[in-house]
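# sequence and predicted model, in that order:
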Amino acid sequence: MLRFLSISRLAVIDRLELEFAPGLNVLTGETGAGKSILVGAVGLLVGGRASADLVRTGEETAAVQAIFETPSWTARSSPAPRCATPLARWSICTDSTSTSSCSIHPPTSTSSTNSPP
């Protein structure tokens with residue numbers, strides 16, 4: 001389940017951080033408010049195609065990060081450490097080079113699941 005989404009310099013979004021509650025979360029807003037950009041940002045994290053024109057005008061890079069929570073029932077079938085936090089990162093530069101990564105971070109006493117490590 002998506003728990004946290006951070007978007008920087010993507011399209012018309014300068015910086016945005018969203019924390020999602022358990023259960024149903026609904027995105028609403030007027031036309032042009034950026035709902036499709038949020039959905040598209042998640043798509044980039046899971047392998048969607050990107051182009052340099054997604055970088056906010058006047059900026060050199062754009063970035064998206066997300067923290068996912070895995071249900072407890074997956075612990076039996078997953079090789080990931082118990083209570084691990086899957087973190088996905090994606091970035092693109094105006095020269096069309098992009099990077100993406102996915103990692104699993106065990107929680108520490110000083111880290112919070114509300115923001116990326």
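Thanks, I have the structure now.

# going forward, measure contacts between C-alpha atoms and count neighbours the same way
Noted.

# for residue 51, what are its contacts?
Residue 51 makes contact with 92, 96, according to C-alpha atoms under 8 Å, 6 or more residues apart in numbering.

# confidence score at it?
The model reports residue 51 with a pLDDT of 85.

# from residue 35, how far off is it?
Using C-alpha to C-alpha, to the nearest Å, one obtains 19 Å as the distance from residue 51 to residue 35.

# same check, this time on residue 22
Residue 22 is 20 Å from residue 35, by C-alpha to C-alpha.

# neighbour count winner among the two?
A count of neighbours by other C-alpha atoms under 10 Å puts residue 35 above the other of residue 22 and residue 35, at 13 against 10.

# pLDDT at the nearest residue to the more buried one once chain neighbours are set aside, what is it?
Computed as C-alpha to C-alpha, 6 or more residues apart in numbering, the closest residue to residue 35 that is not its neighbour in sequence is residue 27, at 6.6 Å. Note on residue 27: pLDDT of 90.

# just read off the phi/psi values of residue 27.
Main-chain dihedrals, residue 27, degrees, to the nearest 10: phi -100, psi 120.

# likewise residue 44?
When read as degrees, to the nearest 10, the backbone of residue 44 gives phi -60, psi -40.
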